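Novice: what follows is a predicted structure for the sequence shown.
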Amino acid sequence: MSPTEQGDTVRQIHSNKSTGPTSETGKAVASQNARRHGLFSCRLIRYRP
């Protein structure tokens, strides 16, 4: 197996783990990240852990 093939395999394994939020709550929180962290954010978002 060449180094390129090894890298491709490792990238595939890692991409299967990092799929983003899967629950509806997680998706709702993630959808507001740009608004909360944006440079020109105008609205204040209340964070509730």
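Specialist: Thanks, I have the structure now. No experiment lies behind these values; they were computed from the predicted model shown. Numbering: from 1, shown residues only.

Novice: from now on I want contacts and neighbour counts done on CA atoms only, so please keep to that.
Specialist: Fine.

Novice: looking at the helix or strand where residue 12 lies now, give me its mean pLDDT.
Specialist: Secondary structure from DSSP states H and E places residue 12 in helix 3-17. Averaged across helix 3-17, pLDDT comes to 83.

Novice: what is that helix packed up against?
Specialist: Counting contacts by 3 or more CA pairs under 8 Å, 6 or more residues apart in numbering; DSSP states H and E, helix 3-17 packs against no other helix or strand.

Novice: pull the CA atoms of that helix into CSV?
Specialist: In CSV, the C-alpha atoms belonging to helix 3-17 read as follows (Å, rounded to 0.1, in the frame of the first residue of the first chain):
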residue,chain,number,x,y,z
PRO,A,3,1.5,6.4,1.3
THR,A,4,-1.2,8.0,-0.8
GLU,A,5,-3.4,5.0,-0.5
GLN,A,6,-2.8,4.9,3.3
GLY,A,7,-3.7,8.6,3.6
ASP,A,8,-6.9,8.0,1.6
THR,A,9,-7.9,5.1,3.9
VAL,A,10,-7.2,7.2,7.0
ARG,A,11,-9.2,10.1,5.6
GLN,A,12,-12.1,7.8,4.9
ILE,A,13,-12.1,6.4,8.4
HIS,A,14,-11.9,9.9,10.0
SER,A,15,-14.7,11.3,7.7
ASN,A,16,-17.0,8.6,8.9
LYS,A,17,-16.5,9.8,12.5
